[in-house]
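**Q** requesting a structural model of the entry that follows:
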Amino acid sequence: MEVDYSLGTLVLIPAIAVVAPLLVRGLGRWVAIPLVVFEIVLGLVFGPAVLGWIQPGPFAQAFSDFGLAMLFFLAGSEIDFRAIRGRPIGRAAIGWIVSLAAGFGIAVLFAPSLGAAAFIGIALTSTALGTIMPVLRDSGDLRTPFGTAVIALGAIGEFGPLLAISLFLSGRSPLVATLVLLGFAVVAAAGIWLATRDVRHRVHRVITATLHTSGQFGVRLVVLVIMALVTLSLALDLDMLLGAFTAGVIYRLLLSGAPKHDIEMMESKVEALGYGFFVPIFFIYTGVTFDLDALLADPRTLALVPIFLVLLLVVRGLPSLLAAPAGSSVRDRAAIGLFGATGLPIIVAVTAIGVDAGDLASGTASALVGAGMLSVLLFPLIALALRRRSPDAAARTREDDAFVPTEG
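**A** Numbers count the residues shown, from 1 in each chain. Presented below is the predicted three-dimensional model:
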């Protein structure tokens, strides 16, 4: 395979990855725009759609694919299933099933075929957990009941569409697809079981011994787990993101019980590998490969962008309200709905599969991705503004202001 060693691949993509957080920091005093928006927009500007300084190629594509896998791995590793079990995950699951039925039902009304309706419907049911988690962490809501509800929504909103892709978009009969998925589940369950046994304590000792050496056993083990489950997913003709997400869950379980300092150090290293290198490449390359010409070629296609944006609110946002904690204020419920309707990575993955399969027109795919971009830009901003004005947030602010640390 001829590798693309162009200037754009080797220099401009890393340069965009460096400039994007500087723009977030510079504009943060006026408006909190998510980092991924700058990465996608800058990729679009420097890609073939505008300046043409970065051209798609197999080298960047390979890194982008691993960046997408890393994003889902990090999302899986961030989920504390003990915190979201019970009511949060149950209500989130019910909401997602409602979203799936509504998404497919609405898509059938205007999609040119049932195949296209399936791709559109599943894309509309996604929630960008990997994008939302940093926002919740920065706002201080990650460990609150509000944050727990949003994390439950994100967990279902990423895992549910992955299951739907594997069951309905694999090209197999439903029975065969279910059997293949069960086979993957058996292997994943074995990995989860192994990660909770006493063997993890021996793994902890090796991780601790190599944390500050060139061995870096923990980081190498992470890469192995990701690649093994992604390879298994591809071998079974399942979506690779299912394997990446499961790898994140196994990694979190494997680290449980390790010394707190070692866990924090490992998380720092893995986040540096993901958010510092691979994940930005995925979002930048999404902008580079965005088919702007197909979107602008027909006014009707361009009009689909705001339509899909509204459908994300209707199909995914409204059912997400079911996951709101009991006694939530109206502002908090609205914020949860907006976070639930924030979607992009799954939309990118689903539309790419649909275009490759010939069921989804390139313009429609671009409109869906464009709506996903706008959801990442607008919905978290509005949700945070609503959250800051909620009675619960105001009470927490008063408690923080009233706390005065004493010396000694």
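**Q** output the below-cut-off pLDDT ranges for this structure.
**A** 1-8, 32, 170-172, 391-408 (pLDDT under 70).
**Q** ok, 50 please
**A** Scanning the chain for pLDDT under 50 picks out 1, 397-408.
**Q** in it, which spans are strands?
**A** Per DSSP state E, the chain carries no strands over any range.
**Q** remind me, longest helix of it?
**A** In the chain, taking DSSP state H as the definition, the longest helix is helix 362-388.
**Q** name the helices or strands packed onto it?
**A** helix 35-46, helix 114-123, helix 129-139, helix 292-296, helix 299-311, helix 330-340, helix 345-357 (3 or more Cβ pairs under 8 Å, 6 or more residues apart in numbering; DSSP states H and E). C-betas here are computed from N, CA, C, even on glycine.
**Q** can you list the buried residues in that helix?
**A** 362-381, 383-384, 386-387 (16 or more other Cβ atoms under 10 Å).
**Q** before we move on, what about stretch 136-148?
**A** Quick answer for stretch 136-148 (16+ other Cβ under 10 Å): L136, S139, D141, L142, T144, P145, F146, G147, T148.
**Q** gap between the fourth one and K260?
**A** In this view, L142 and K260 are 17 Å apart by Cβ to Cβ, to the nearest Å.
**Q** let me see the ranges of the helices in the stretch 1-150 of the chain.
**A** Taking DSSP state H, counting those that start in this stretch, the helices of the stretch 1-150 of the chain run over residues 7, 13-27, 35-46, 58-78, 81-84, 87-110, 114-123, 129-139, 145-168.
**Q** and of these, who's closest to G243?
**A** Nearest of those to G243, taken as Cβ to Cβ: helix 58-78 at 7.8 Å.
**Q** of the buried residues of stretch 136-148, closest to T289?
**A** L136 (28.8 Å).
**Q** and that closest one, how far is that from L175?
**A** In terms of Cβ to Cβ, L136 sits 39 Å off from L175.
**Q** what do you get for L181?
**A** 11 Å.
**Q** higher neighbour count, the two?
**A** L181 (18 against 8; other Cβ atoms under 10 Å).
**Q** can you give me the distance of the nearest residue to the more buried one once chain neighbours are set aside to L234?
**A** Leaving aside its sequence neighbours, L181 sits nearest to S166 (Cβ to Cβ, 6 or more residues apart in numbering; 5.3 Å). To L234, S166 is 12 Å away according to Cβ to Cβ.
**Q** which one of the two has more residues nearby?
**A** For S166 versus L234, neighbours defined as other Cβ under 10 Å are more numerous around S166 (22 against 12).
**Q** is that one in contact with A177, as I believe?
**A** Yes: applying Cβ atoms under 8 Å as the test, S166 and A177 come out as touching, 6.4 Å apart.
**Q** how far does stretch 70-87 stretch from one end to the other?
**A** 29 Å (Cα to Cα, to the nearest Å).
**Q** out of the helices of the stretch 1-150 of the chain, the one nearest A272 is which?
**A** Judging the helices of the stretch 1-150 of the chain by Cβ to Cβ, what sits closest to A272 is helix 58-78, at 11.2 Å.
**Q** roughly how far is the closest one from the heart of the chain?
**A** Here helix 58-78 shows a centroid-to-chain-centroid distance of 10 Å under the convention Cα atoms, centre = their mean, to the nearest Å.
**Q** and if you look at stretch 94-109?
**A** Distance, centroid of stretch 94-109 to centroid of chain: 20 Å (Cα atoms, centre = their mean).
**Q** buried residues, it. List them.
**A** Those buried within stretch 94-109 under the rule 16+ other Cβ under 10 Å are G95, W96, V98, S99, L100, A102, G103, F104, I106, A107.
**Q** what's the answer for stretch 56-71, then?
**A** So, applying 16+ other Cβ under 10 Å, buried residues of stretch 56-71: 56-57, 59-61, 63-71.
**Q** also stretch 114-126?
**A** For stretch 114-126, by 16+ other Cβ under 10 Å, it's G115, A116, A117, A118, F119, I120, G121, I122, A123, L124, T125, S126.
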